[in-house]
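>>> Show me the folded form of this:
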Amino acid sequence: MKPTFIHSTINSPFDDPGIFVRILREKRAFLFDTGRYFKAEYRSPAKGNRCFHYTTHVDHFIGFDMLIRALLRRDLPVRVYGPSNIADCVEGKLKGYTWNLIKEYPLKIEVFSINRDTMFPFKLLCGE
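Got it, this is the predicted structure:
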């Protein structure tokens, strides 16, 4: 039987965490944490549109900027799932950039903040 997905760690066991999971038959991918994500550029981040974060500590979240950069010009929104503060953290990262050059392809991010058994959705648009 052929596998449905393949997974790999983004970095070494002693470096920032991150797991890349590619769903083979659906040509899409998931990312679990974005620690030093720039090391994983060869793993086609543009196929992924879902990112899961356990925490927003710097070692788990520092690569989020590179993920955003890799996903510009996509029609599909990026979906980010994480703890109760995830929307504030994503918004803070987005506020750190000037978005005047992406009018033709605004970046859409859907953030889902999870607090116990409740999920709160937020939509963030860049370039509009």
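>>> where does the protein have low pLDDT?
The model of the chain has pLDDT under 70 over residues 37-48, 127-128.
>>> What sits closest to residue 9 if chain neighbours are left out?
Spatially, and ignoring its direct neighbours in sequence, residue 9 is nearest to residue 19 (5.8 Å; CB to CB, 6 or more residues apart in numbering). In short, each C-beta sits where N, CA and C put it, glycine included.
>>> ignore the last one, residue 126
Nearest residue to residue 126 in three dimensions, chain neighbours excluded: residue 107, at 4.2 Å (CB to CB, 6+ apart).
>>> Next up, the contacts around that neighbour.
68, 71, 72, 74, 78, 99, 125, 126, 127 (CB atoms under 8 Å, 6 or more residues apart in numbering).
>>> what's the answer for residue 33, then?
Contacts of residue 33 by CB under 8 Å, 6+ apart are 16, 17, 18, 19, 52, 53, 54, 60, 61.
>>> helix, strand or coil for the second one?
The reference is to residue 17. coil (DSSP: H, G, I helix; E, B strand; the rest coil).
>>> Tell me the helices and strands packed up against the lengthiest helix in the chain.
What stands out as the longest helix in the chain, according to DSSP state H, is helix 86-95. Other elements packing on helix 86-95 under the criterion 3 or more CB pairs under 8 Å, 6 or more residues apart in numbering; DSSP states H and E are helix 64-70, strand 78-82, strand 107-115, strand 118-126.
>>> From residue 50, how far out is residue 114?
Remark: distance between residue 114 and residue 50 (CB to CB, to the nearest Å) = 13 Å.
>>> Ok, residue 80 next?
8 Å.
>>> Comparing these two, which residue is more hemmed in?
residue 80 (26 against 17; other CB atoms under 10 Å).
>>> OK, contacts around the more buried one?
Neighbours of residue 80 in contact, by CB under 8 Å, 6+ apart: 50, 51, 52, 53, 86, 90, 109, 110, 111, 112.
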